[in-house]
Structure formats: C-alpha cells, structure tokens
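# With the input below, show me the fold.
(chains A and B)
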Number of protein chains: 2
Amino acid sequence: MAKRDVCVIGVGMTKFERCDREFTELCSEAITGALGMAKIEPADFEQAFAGYVNGMSCQGQRALYTMGLGGIPVYNVHSYCSTGSSALHLAYQAIASGMNECVLAFGFEKMTKGPLDSQLTGLKEKYDEEAKKKPPVAARMFGDGGRQHMQLYGTTKEQFAKVSVKNHRHSVNNPRSQYQDACTLEEVLASREVYDPLTLLQCCPTSDGAGAAILCSAEYAAKHGHSNPVKIIGQALTTDFPSDFSDALGWIGVGMTKRAAAKVYEQTGVGPKDVDVIELHDCFSTNELISYEGLQLCEPGQGGRLIDENQVTYGGKWVVNPSGGLLSKGHPLGATGLAQCAELVWQLNGMAEKRQVEGARIALQHNVGLGGACVVTMYRKG
Amino acid sequence: MAKRDVCVIGVGMTKFERCDREFTELCSEAITGALGMAKIEPADFEQAFAGYVNGMSCQGQRALYTMGLGGIPVYNVHSYCSTGSSALHLAYQAIASGMNECVLAFGFEKMTKGPLDSQLTGLKEKYDEEAKKKPPVAARMFGDGGRQHMQLYGTTKEQFAKVSVKNHRHSVNNPRSQYQDACTLEEVLASREVYDPLTLLQCCPTSDGAGAAILCSAEYAAKHGHSNPVKIIGQALTTDFPSDFSDALGWIGVGMTKRAAAKVYEQTGVGPKDVDVIELHDCFSTNELISYEGLQLCEPGQGGRLIDENQVTYGGKWVVNPSGGLLSKGHPLGATGLAQCAELVWQLNGMAEKRQVEGARIALQHNVGLGGACVVTMYRKG
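Next up, the predicted model:
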C-alpha cells in the first residue's frame, strides 16, 4: 500500500495538565515546537489533519488560523481515544502515497469531567442500570477485562499495580508529564478503589494538552537538512465495535491490537524482539499488561511475568512507556497519539534527556480507542 | 498532486426528511444503494471515510458494524456543512494517490433543532447580544451577505426569491427530496420573514438523511464491468475562518469558493462554460446566487441576471440544483456532500429520470461550510 518512506522531522507537545489555556494556545505551542525541530516554514504544509473528540466542528481550522496558517486543507477527525493516531495515519498516507511532500498532524483535547463517559451511550445496553451511581464506563470496561485476565491466567492485582509503579517512576524524568512523582506498590494498591481491580493510581488522569508531528518525504527531509531522520516504516489502523459483552477482553480492543500489530510486523519484517522502546495505551494499568500480549511481546497470559521480571523498563528487553504513559503523563484524547509519537521520535533521535533509552533504534507505538480503532506504528532511525 | 483517475461507480442516498429512523438504518440504506449500483462486494472496501457533525465519536464504525462490515479502517471526519465533501475528498485522495483501489465515502446526519446554531459559538463576538431572541446564526450570516450584495450590485429580493422558486420547481421531480412542491414567487416572498432578505421558503429545512459513494481506480472499475464510469477529474478543498465581520460576503465563504473553483478549473483545463449541470450549496437563496459568481459562472454582481434570464435551469446554459438543492431537497449536514455527488453521478449516467439534464457530460459540485471548508469537484462522463 505504501509507496515510499515517510519521515518525521518535527514533533512537539505541551505539558499535559489541567489548565485554563485555550485549545488554540495549546495547539500553537505544540505546532511551534514541531516547526522549531523541523526547521521549516509552516507555509510548506500542504494539508493538515486535526484530531479532537470534544468541542464544536472545525476547531482544527480555528487553531491554524489563530497561528496565521489559513487556507490549506484541514480535516477534523475523531475516534475516541485513538483520535490522535487516526490523524497521524491520514498524514502518513498523504506522504506514503506520494500525494504530498509535507503535512501536519496535530491533536488536542480540553477534557472536562464526564463528556467521554456521557458519550459512550452506545454501551448502555450493558451499563444502564449502574450508570448513575457507578464508576466511569471506561474504568468498568478495563476493570472487567483485568478481572477476566486474572481468572483466565492467574494474573494478580499486584502485577497490574506494578505497571503503574513503573510508569509513574518513568515520568519522574519527563517535564511534560502531568504527574512526576514516583509511588510505591503499597501506595498504588492502597489508593481509593475505582472499580475492582483498579485503584485510583491505576487510572489515567483528566488532562488538557496538545501534540503535533510534521511528516514528509525523504526528499523533502534531505532538502531541509535532515540527513538521517526518523522514519515511519509501518503503520496500520484496525477498527472494532463492542458487541459481545460477555467477552470483556474482546471488547476492550485486544482483537484490534492483535490485528494491527500483526499487519505492521508483516509490513516491516521487523518483529517484537527487534523493538527497543514502546509507547503503548496504558489508559488503565490492566490495559498495559494485556496489550503486551496483543503486541506479541509475550504469549497470552504471560504479561504478568514481563512485569515481575522487569522486562519492560530500563535494563529490560524493552522500555515501555518511558514518557510515563497515559497513567502518569496524562491522556487528553486527541493529543495522546501525537504525544506518543513525539516521545518515540525524541527517543530515536537521542533527545529524551534523563529518560533516554540508550541505543534505541526501533520504536513501536500503540494507541487504541474503544468502539473505536487501534493504530500501531513502527519507527526506525537509520 | 493526483496520480491517476478516480471513478465513482456507485452512489446512494436516502430520502431526506425528518424521521424516527436510526442513523445506522439511514447509512445502511444509502450504502446498500451504492453497492447495488456498483455491483461489487462490500469486502472490497479498503478504507471508509464517514462524515457527520453531531453525535458521539465513532458512529462511522457503528454504522458499518451494523451492516456487518467490521474491521476496516474508518475515519470519522467533520467540517460543519462541508462535512460530506470532506469525507469525499479524503476518499478521492486515497484512490488518486494510488494508495487504494476501492474505498467508501458516506455521510449522515440526524438534525435536531439547535445543535449547529449552538455550536457556532466562535461567532459570539458578533452575535452574543442578539443570540437568544434572534433567528439562527446561519440565517443571519447569509442574510447579511445577501443584503451586502444588494447594496453593492443592486441585486433584488425578487432575484433571491427566484432561486427558491427554481429549486422547489426542480424538486417536484425528485422522489428523494424532502419537499416536492412547486411554489410561486409571490408565495416565497410572502412566507414568514426569517431574517431580511430571507423568508422561510428561502432557507433550507431541518432534515435527516444519509448519502454514500464508492470510489475506485479505472482498473478496478473496468474489472467490475464499468466500461465507461463517471470520473472525478478535479477536486480541491480550501479552508477559511471568519475573522473580518465587517465583510459579510467575505465570511460566508466566497473567498473559499473562488479559490477552490479556480484550482479545479486549473487542474482540469475545463472552464465553467464547459459545465452542463451543477449542484451547489444553496443553504439559503442568497448563497446560490452569490456562489454563481464564486464559481465564475458570471462576473461579480451578475448573479441576478443569470436568474432573470433563466440561464440556471432546464433550457438555460446550466441546470443548477436539478435535485432541488439544499433549499428543497434538505440539508442533513454530513449527508449533503454525498447527496450532491449522487445527483451528479446519476445525471451523468442518464439515470435522473424526470429531472434528467439531456446530454449532460460535465458536472460541477460545490459544498461549503462556514469556518469551515469549501470543496469543489468536477465530474466527467466519457
């Protein structure tokens, strides 16, 4: 399908946090950061792909107009939690196909309590009776998935909680992370229960933020002084819609993840063992562990072992979520896919400072949204 | 930019009307219609582009899953009133670039009173004080544009009203049109004033509906028995965001229309005089007349003359809005761009029954959304 290489020559993101800044200001900061890294003029953008879930139509245009970038084609896309990566995947195709030389993908979200939850009404068949008094729908879905994993494979609450300990520890070195504090296993387990087996420290926080990435052809990159840019060497988007509610693991997107990852491994000829660093969709601790298996880092049921053996942090086989992940860095829906991209491009360029994964050359990104899409992306340097 | 021809081998749409049917049912009807015309299997869709403005995220996935079409990449896009054409333009690029062989574009909307209006809060700088007691924002914007046109060029209320008479007359022959009744100039002028110079019969109604189009390569079309399919020979998307509120004509998108049309004429080497049939964005009568000029059918200020001289109906130079247009057929935001496409593909294939424009070979589509994007598309048969 792809006709040529796609380079990522600039990435940017805001700090993720609850804030009073307008989305236009957040976008401007992220895009300006990406332009600074790319060392190009914004006039070179032939098209722009804007991702966000909440808010009125055409905010993508508005963000660019606020920066003085008017008139170019802008597409506003959304796909719940995989919104940012959906924008990224359209941008990727615009370059890979030979249609464009240089495009912009950006994503943002001003999260307010409730909107995502209140929008998930398609799932009311399952949750109607519980809806008003119970935890957020997403926590219940990923909690149910976690419990099913425990029943099937003997995974423990401690193993899920260790995911959160790891990602909070990683975020200590990420100045753009919403939280930058380490926490102990005891603290994670003792924090307020949200929905069994999830405690508060195992749920991503409510965040505002924006991210951006500039994608271009190898020719364009070379012409603008990027002699050895990071490349996207494979990318796939799969979709799903929850239907069989008796299969909790199924409807939190494991199937989408498996299919997208398998496609990317096939496209690239690069397997999970070749990967050095991973940003994956840890909206809840349970989903990180379950996604190890969907991404084929291990056999089904072996995710707990990877955590216990420290295979997914510095010193292990892979560093998973060096940024702190959604759990600690935050998860502004439309921004998340671009923030994951930014972290991996910084890592492959050796720009990740205190959280640098030494010698990282191949990176994998996993962004999943229920109901929904999963986007898996493989990056390579050199 | 485009690398190869793009064929439209199947189109479909529901009747536009206020109805109790679910959007999934509307989409299914439109897509099934397009599949029937294309004589292909839905499994051939490599990607799908879903357009809608109102409603929760990922309704595109939901619509396809309801039809049993799961797993393929789906992109949910929106751009106010140009949403349908934005989906169409992404589908066009997927084929034109050589990325895909066969893709689906569809769009739908369940309109409820108020949501578009209430979303246009970006314009509150101008309209805040009037907001609660006055007509819908869109009527005020296009009414202001009409009055400016009257002041600049001496255009009359009767000329605007004649647009509505024409489009309602055309719709008599369109069984999918929300209204199918002719009306007189006197009736249009005597209907309730919404916002000077617009009366009720010069405003598009509130509608539900869906539309779909199947785009493919020439090779794919030939392989599936379409020896002489309708082709999209040029398409451009431009954007804008209202800023200078003192220029009413400027911020209802005339600039976007001009730029998009100029690009398409340049891409194709086909000029406005070569065009036989046009579907253009007559959300209000004023905007049809003003858009004649943006599309270069006449010089600025000469739109009224085209109406007076019957140059834009059967027997004239062009037939504009043979479907009845947004004014009579209806305007479910996400569906409109696909419904315009459907009408023109039917016209070029000689399938438009009583409203057939005899000998139509070249068609032009114009879909504009404030704040916003404009998409202009040129179709050719043979």
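# show me where the stretch 51-200 of chain A has helices.
A:59-66, A:83-96, A:115-119, A:124-127, A:137-153, A:157-171, A:185-190 (DSSP state H, counting those that start in this stretch).
# Throw those into CSV and include mean pLDDT and distance to residue B:310, thanks.
(Glycine included, C-beta is placed from N, CA and C.) What follows is the helices of the stretch 51-200 of chain A, written out as CSV (pLDDT from 0 to 100; distance: least, C-beta to C-beta, whole Å):
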stretch, mean pLDDT, distance to residue B:310
helix A:59-66, 94, 37
helix A:83-96, 98, 43
helix A:115-119, 48, 49
helix A:124-127, 47, 54
helix A:137-153, 94, 58
helix A:157-171, 98, 70
helix A:185-190, 98, 76
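# Minimum distance to residue B:291: which of those has it?
helix A:59-66 (19.8 Å; C-beta to C-beta).
# What residues of that closest one count as buried?
Using 16 or more other C-beta atoms under 10 Å in any protein chain shown as the test for burial, helix A:59-66 gives A:59, A:60, A:61, A:62, A:63, A:64, A:65, A:66.
# So which of those reach chain B?
Filtering those for proximity to chain B by C-beta under 8 Å from any C-beta of the partner chain leaves A:61, A:62, A:64, A:65.
# Residue numbers of the stretch 201-350 of chain A in contact with chain B?
So far as C-beta under 8 Å from any C-beta goes, the stretch 201-350 of chain A lies against chain B at A:237, A:238, A:239, A:240, A:241, A:243, A:259.
# Closest one of the buried residues of helix A:59-66 to residue B:368?
Using C-beta to C-beta, the buried residues of helix A:59-66 come closest to residue B:368 at residue A:61, 12.9 Å.
# Just put the helices of the stretch 51-200 of chain A in TSV and tack on distance to residue B:84.
Shown next, in TSV, are these (distance: least, C-beta to C-beta, whole Å):
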stretch	distance to residue B:84
helix A:59-66	17
helix A:83-96	17
helix A:115-119	22
helix A:124-127	28
helix A:137-153	30
helix A:157-171	41
helix A:185-190	48
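# just the strands in the stretch 251-382 of chain A please.
For the stretch 251-382 of chain A, the strands defined by DSSP state E, counting those that start in this stretch cover A:277-279, A:319-320, A:362-369, A:373-381.
# Same list (those strands) but as a markdown table, adding mean pLDDT and mean neighbour count.
Output for the strands of the stretch 251-382 of chain A, formatted as a markdown table (pLDDT from 0 to 100; neighbours: other C-beta atoms under 10 Å in any protein chain shown):
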| stretch | mean pLDDT | mean neighbour count |
| --- | --- | --- |
| strand A:277-279 | 98 | 28 |
| strand A:319-320 | 98 | 28 |
| strand A:362-369 | 97 | 28 |
| strand A:373-381 | 98 | 26 |
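# Include distance to residue A:343 when you put these into a markdown table, please.
Shown next, in a markdown table, are the strands of the stretch 251-382 of chain A (distance: least, C-beta to C-beta, whole Å):
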| stretch | distance to residue A:343 |
| --- | --- |
| strand A:277-279 | 5 |
| strand A:319-320 | 11 |
| strand A:362-369 | 9 |
| strand A:373-381 | 11 |
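# closest one to residue B:14 among those?
strand A:373-381 (26.0 Å).
# Now do that closest one: which elements does it pack against?
helix A:83-96, strand A:230-239, helix A:255-268, helix A:333-348, strand A:362-369 (3 or more C-beta pairs under 8 Å, 6 or more residues apart in numbering or on different chains; DSSP states H and E).
# The ones you listed: which one's closest to residue B:162?
Closest among the helices and strands packed on strand A:373-381, once you apply C-beta to C-beta, is helix A:83-96, at 42.0 Å.
# Need the CA coordinates for the closest one. PDB is fine.
Coordinates of each C-alpha in helix A:83-96 appear next as PDB, following Å, rounded to 0.1, in the frame of the first residue of the first chain:
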ATOM      1  CA  THR A  83      -8.100  10.100  17.700                       C
ATOM      2  CA  GLY A  84      -4.600  11.500  17.600                       C
ATOM      3  CA  SER A  85      -3.200   8.400  15.800                       C
ATOM      4  CA  SER A  86      -6.100   8.500  13.300                       C
ATOM      5  CA  ALA A  87      -4.900  12.000  12.300                       C
ATOM      6  CA  LEU A  88      -1.400  10.700  12.200                       C
ATOM      7  CA  HIS A  89      -2.400   7.800  10.000                       C
ATOM      8  CA  LEU A  90      -4.100  10.100   7.500                       C
ATOM      9  CA  ALA A  91      -1.000  12.300   7.400                       C
ATOM     10  CA  TYR A  92       1.200   9.200   7.000                       C
ATOM     11  CA  GLN A  93      -0.900   8.100   4.000                       C
ATOM     12  CA  ALA A  94      -0.700  11.500   2.400                       C
ATOM     13  CA  ILE A  95       3.100  11.200   2.300                       C
ATOM     14  CA  ALA A  96       3.500   7.400   1.800                       C
END
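# gap between that helix and the chain center?
Centre-to-centre, helix A:83-96 and its host chain are 13 Å apart (C-alpha atoms, centre = their mean, to the nearest Å).
# Could I get the buried residue list for that helix?
So helix A:83-96, judged by 16+ other C-beta under 10 Å, has buried residues A:83-96.
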